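Enquirer: Whatever this is, show me its structure:
(chains A and B)
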Amino acid sequence: MCERPIGSAITPDGEAISYDTRGTLMTRRTRGSPYAPQDAADTEAMLAAVGADSEEDLFDIPESVRFDGAFDIDARSERAVRRQVERTLGRNDDLTEFMGRGHYDHYVPALVDDLSSRQEFLTSYTQYQPEVAQGFLQALFEYQSMLVELTGLGVANCSMYDAASALGEAATLSQRVRSVSGDRILVPDQLRDGKREVLEQYAAGPDLRVESYPTAAGTVDVDGLAAALDDDAAMVYAENPTVCGAVEESLDAVGELADDHDALFVLGSDPVALALLERPADVGADVVVGEASALGVGSAYGMGMGIFATREEYLRQVPGRLVGVSGDATGRRAFTLTLQTREQHIRKERATSNICTNQAWVALRTAIHVATLGPDGLVDLAEDCVRLAADLADRLDDVSGVIAPVHDRYHFREFQAKTDQPAAAVASDLEAEGFAVHVVGDHRIQVCVTDANEPEMDRFVDAVAEVA
Amino acid sequence: MTDGSADGGDSLDADEHAPEAGTLYDQARWTDDGEYEPLLSEKDATEVAIGEDSPLPDDLTRDSLELPGLAEPELARHYTRLSQMNYGVDSGPFPLGSCTMKYNPKFTEQAAADPNAAVHPDRSAGSVQGTLEVQAQLQDYLGRIGGMDAVTLQPPAGAAGEFTGIRIASAYHEANGEDRSEVIIPDSAHGTNFATAAMAGFDVVELPSAEDGRVDLEALEAAVGDDTAALMLTNPNTLGLFERDIEEIAALVHDAGGLLYYDGANLNALLGRARPGDMGFDVMHYNVHKTFATPHGGGGPGAGPVGVVEELAPFLPTPHVREQPDGSGYERYEPDQSIGKVHGFSGNWLVLVRAWAYIARLGDEGLADASAKAVLNANYLAERIDYEVPYGPFHHEFVASAGDQDAADAAKRMLDYGVHPPTTKWPEIVDEALMTEPTEAETRGSLDDLAAAFNAVSAEDDATLEAAPERTAARRIDQVSAAREPRLSWQALDD
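Expert: Coordinates of the predicted model:
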């Protein structure tokens, strides 16, 4: 291409090219993939090198199963796709969310986006060649260490998909580590439906029974749990904070009950709550699962980051990847994936889990977020989650037709409120006012407040007063 | 604190086995006596007491929290240095077999960062019509590409897709009143297939490969029966070979009452050339982080959408998304015989946005070209390397044999030439396997460089290979001691 026409042209081999008025090449688009850089001359030379007449000759596919149709997907320019993304997603209503129930929005510092987006992190693979992946391995090791500090448990893996799948993995772990047989997985009756359904998915293969125990005032009904327990119980699951935002007050008792029945005590939480609430190791938790995406992600339509931490004695039964310390040939400290004989690519059907691709990059973001906050910032954020929830509940309670909180408990980020009006109508009217909340009962909504939506609290209270 | 040396220097004996030809490579490294970059915890440890001004009573809080308390400039440097000790797709060739490490277009990051994508999953359907429309369109795109009638986007990874698919198969058989306990898997399949079948409660029947590296029809015929729930298959298989007998395979499995499951790991070989649905597969997963260019993120997140034929559509996870019959918008609904949920919410949404943007960018011709160039690149590279490639004709990947060399050692040596090595020692059907998938993203020139790296390594002696790598951030890492004495946190280093 020695000539540089101003404007655009299609070359004989199908390239669409365009130049600006100074003849600078602006775009060079083949009719194929813009990310497959071979030009026509290279393609020809490569075909010659492999002794093929055409690319099609390289496909060893019987005629009878060849696809000769079309997907009917039109190629678009980068700019056109971006416009389409913006236009399509622009159809989402711009609502200020006061929503939680397992997916939380905290402000994500710019540092998290910037550093995690470095291509060396973003485009890298699982660290099967640790010598060229020290950076990611160290970041994951640091993430694991943060979780060890937060939970007080000796081992944390470097991610599961989300809190729900981590809970499912905990249930299967209970089968592998428990000394006597038992197939009952006890969960609170108020457990979020989605989480329970995922747990049941994991429970189906090993024929575990997922059963509810009662809660009272938004937390564990200890007597009810005691009555539900027997020696067939393999696992007891509790959350702190609970799904309705209540701070659990009976964790010691839950831990003791589980222990009395040789059942695994699994506790659900998140890294912000863990910075302030009782340390899981201190209340006898055997496993901590939960949603680390509370930090590092923000609202992402439920995209998660599963925590999985446990006691060292269960180390060899842990699902997922673990980063450990070793040394290299110079004797310097180095990091590597370790204990891989637990995993599917080595152990196949005897692996602790089928998980391969995980949420490593989200773990990196969570770790950077934790590091950015530091211990002071993290504890401050957690304390704000308590203060803001109490403050907002007080203010909503002052609204005629609203009682908040429903549960006589301390709350973390969120709480339930009773509405005289049908909750669905309240939520729908709030949408019209620009706000989104959860409907959790005929006359009950759930409201979540964090640093992210705090500036909108006044307007929100006004809106509730308007519609309730 | 550190000497800031990025070239390694004499202390690492970098030149002892310096490559004599081809590309030389020095990865940035930072050293501080006994370690490379110090840990955050070694830079600072600050303990915060949870005190009197806490809004919670004492008995509901922990006593204290100890974490690094570093300022933003320190953290920026820490993580930047870590990133410089990490090799990504933009660093150089990354021909990791079965992983499809293709280029991740930058604009898809911007698409995923659209502020309107940042919504809560429990929002009312009416208020997230844009999100539902993207989901519906991506379901539709994937259905067309795979030849499937319905697609769920919920599974957050390939293995989660497998689990979803096998759970669907299980529910289907159960709905038909059939108790089928076995899943058949070729011995060369991905480890996840075996683990998935076991997790879903099935017995695994391992199918030996035929001499040509493909499914052994006689062995399959002997293996299928009344207990067969499904056969899990990758096509092309892990050797890159197309299962030419796929129609007979499908007939054998279907005649026995089983379902045919397609592992989408190798779909990058077939775009626009063949579709799993047309080959007789009933259920499949797509690895969008492979085929559709979403970044691997150091291990994840990916996404593993699952496609099914019409008969299986009622079993898909809930909620499913569809256009409302009157065309007025999009809605969520629960399929009649749904298996329930496989993710707490709706999967890895921001990954799916990237995949949607990639597919829309490429369109029919771009997707077909991606496969054509991926297959051409694999064939060209195989032609240029000295190692033997025993099985063919292969497509997007090939498995070379390191012969008398140890494949893992050869891979370590390749790092010194500035390329990421292939997947090693798997599949086991090839001795000292080097499973190589260059993807469409490499130019002829970078493939020549890659071939030069292979060939330089193939000519080197065992001592050199065993000493490798030497130009990377860390030298050869002792795997055995890491496992024998596990230290998995900075707290464990103090013990």
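Enquirer: what about the residue lying closest to residue A:202 once chain neighbours are set aside, which helix or strand?
Expert: Distances taken as Cβ to Cβ, 6 or more residues apart in numbering or on different chains put residue A:168 closest to residue A:202, at 2.9 Å, once the chain neighbours are dropped. In this view, the C-beta of every residue, glycine as well, is placed from N, C-alpha and C. Using DSSP states H and E, the element containing residue A:168 is helix A:163-177.
Enquirer: where do the helices sit along chain A?
Expert: Using DSSP state H, the helices found in chain A span residues A:40-50, A:78-89, A:110-116, A:119-122, A:134-151, A:163-177, A:193-204, A:222-228, A:251-260, A:271-274, A:344-347, A:360-397, A:423-433, A:457-467.
Enquirer: and the first one, which residues are buried?
Expert: By neighbour count on 16 or more other Cβ atoms under 10 Å in any protein chain shown, the buried set for helix A:40-50 is A:42, A:43, A:46, A:47, A:50.
Enquirer: Spell out whether that helix and chain B are in contact.
Expert: Yes. Against chain B, helix A:40-50 shows contacts by Cβ under 8 Å from any Cβ of the partner chain at A:42, A:43, A:45, A:46, A:47, A:49, A:50.
Enquirer: Look at the residue lying closest to residue A:84 once chain neighbours are set aside and tell me its secondary structure.
Expert: Spatial nearest neighbour of residue A:84, excluding adjacent residues (Cβ to Cβ, 6+ apart): residue B:360 at 6.6 Å. Of the three states, residue B:360 takes helix under DSSP: H, G, I helix; E, B strand; the rest coil.
Enquirer: what about residue B:360, neighbour count?
Expert: 22 (other Cβ atoms under 10 Å in any protein chain shown).
Enquirer: can you pull the pLDDT of residue A:351?
Expert: At residue A:351, the model reports a pLDDT of 89.
Enquirer: quick one, what contacts it?
Expert: Contact analysis of residue A:351 by Cβ atoms under 8 Å, 6 or more residues apart in numbering or on different chains lists A:342, A:343, A:344, B:191, B:194, B:195, B:198.
Enquirer: and the first one, how many neighbours?
Expert: Going back to what we said before, that points to residue A:342. Using other Cβ under 10 Å, residue A:342 has 21 other residues around it.
Enquirer: For the stretch 101-250 of chain B, just list every one of the helices.
Expert: B:106-112, B:129-146, B:158-175, B:191-199, B:217-223, B:246-255 (DSSP state H, counting those that start in this stretch).
Enquirer: Most tightly packed of the ones you listed?
Expert: Highest mean neighbour count of the helices of the stretch 101-250 of chain B: helix B:191-199, a mean of 28 (counted as mean count of other Cβ atoms under 10 Å in any protein chain shown).
Enquirer: Could you look up the SS state of whatever residue of the stretch 151-300 of chain B ends up closest to chain A?
Expert: The nearest approach of the stretch 151-300 of chain B to chain A comes at residue B:297, 2.9 Å away (Cβ to the nearest Cβ). Using three-state DSSP, the structure places residue B:297 in coil.
Enquirer: and the closest residue to it other than its chain neighbours, how many neighbours?
Expert: Leaving aside its chain neighbours, residue B:297 sits nearest to residue A:361 (2.9 Å; criterion: Cβ to Cβ, 6+ apart). As a burial measure, residue A:361 scores 28 neighbours (other Cβ under 10 Å).
Enquirer: Pull up the per-residue confidence for residue A:361.
Expert: So residue A:361 comes in at 98 (pLDDT).
Enquirer: hang on, it packs against residue B:289?
Expert: No. With contact defined as Cβ atoms under 8 Å, residue A:361 does not count as touching residue B:289 (10.5 Å).
Enquirer: okay, and the common contacts of the two?
Expert: Residues touching both residue A:361 and residue B:289 (Cβ under 8 Å, 6+ apart) are B:295, B:297, B:300, B:301.
Enquirer: Neighbours of residue B:449, how many?
Expert: The local packing of residue B:449 (other Cβ under 10 Å) involves 19 other residues.
Enquirer: thinking it is in contact with residue B:95, fair?
Expert: No. Contact criterion Cβ under 8 Å: residue B:449 and residue B:95 do not qualify, at 11.3 Å.
Enquirer: any shared contact partners between these two?
Expert: residue B:419.
Enquirer: can you pull the contacts of residue B:420?
Expert: A:125, A:129, A:132, B:87, B:91, B:92, B:93, B:94, B:95, B:96, B:101, B:414.
Enquirer: nope, residue B:382 is what I meant
Expert: B:389, B:394, B:398, B:400, B:436.
Enquirer: now with 10 Å?
Expert: If you count contacts by Cβ atoms under 10 Å, 6 or more residues apart in numbering or on different chains, residue B:382 has them with A:50, B:240, B:388-389, B:392, B:394, B:397-400, B:436, B:438, B:451, B:454.
Enquirer: All set now, cheers.
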